[in-house]
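**Student:** got a structure for you, letters missing:
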């Protein structure tokens with residue numbers, strides 16, 4: 001996985017809870033390939049995305065895993081997801 005791949009996939013990450021969950025899962029282990037100087041920043045930024053992801057998925061499951069959950073995603077989680085994604089991408093952009 002490359003920086004360009006992460007940046008390209010980030011473009012659809014906020015479309016739904018499922019896109020965001022997939023993006024967070026895909027980027028988890030990329031941290032192993034990060035420059036040591038950026039490792040802590042990457043881990044912290046990724047963890048912030050994971051927190052939003054976990055909270056959203058937990059509520060989705062508590063609601064019975066409905067197929068249509070877009071309204072809740074947009075009203076409760078999308079803004080936080082956007083904020084954490086932007087912070088994460090700022091770290092990714094520092095990578096060569």
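**Tutor:** Structure received. On a predicted model such as this, the values are computed, not experimentally measured, just so you know.
**Student:** alpha carbons only for contacts and neighbour counts from here, please
**Tutor:** Will do.
**Student:** which residues touch residue 6?
**Tutor:** residue 27 (Cα atoms under 8 Å, 6 or more residues apart in numbering).
**Student:** Against residue 55, how distant is it?
**Tutor:** In this view, residue 6 and residue 55 are 22 Å apart by Cα to Cα, to the nearest Å.
**Student:** Point out the other helices and strands that the longest helix along the chain packs with.
**Tutor:** The longest helix of the chain (DSSP state H) is helix 36-62. Using 3 or more Cα pairs under 8 Å, 6 or more residues apart in numbering; DSSP states H and E as the contact test, the elements touching helix 36-62 are helix 17-27, helix 78-92.
**Student:** angle of the shortest one against helix 78-92?
**Tutor:** Computed with axes from the mean of the first three to the mean of the last three Cα atoms, to 10 degrees, the direction of helix 17-27 lies at 20 degrees from that of helix 78-92.
**Student:** now what about helix 17-27, what contacts it?
**Tutor:** Against helix 17-27 from outside (Cα under 8 Å, 6+ apart): 6, 9-10, 12-14, 46, 49-50, 53, 56-57, 70, 73, 81.
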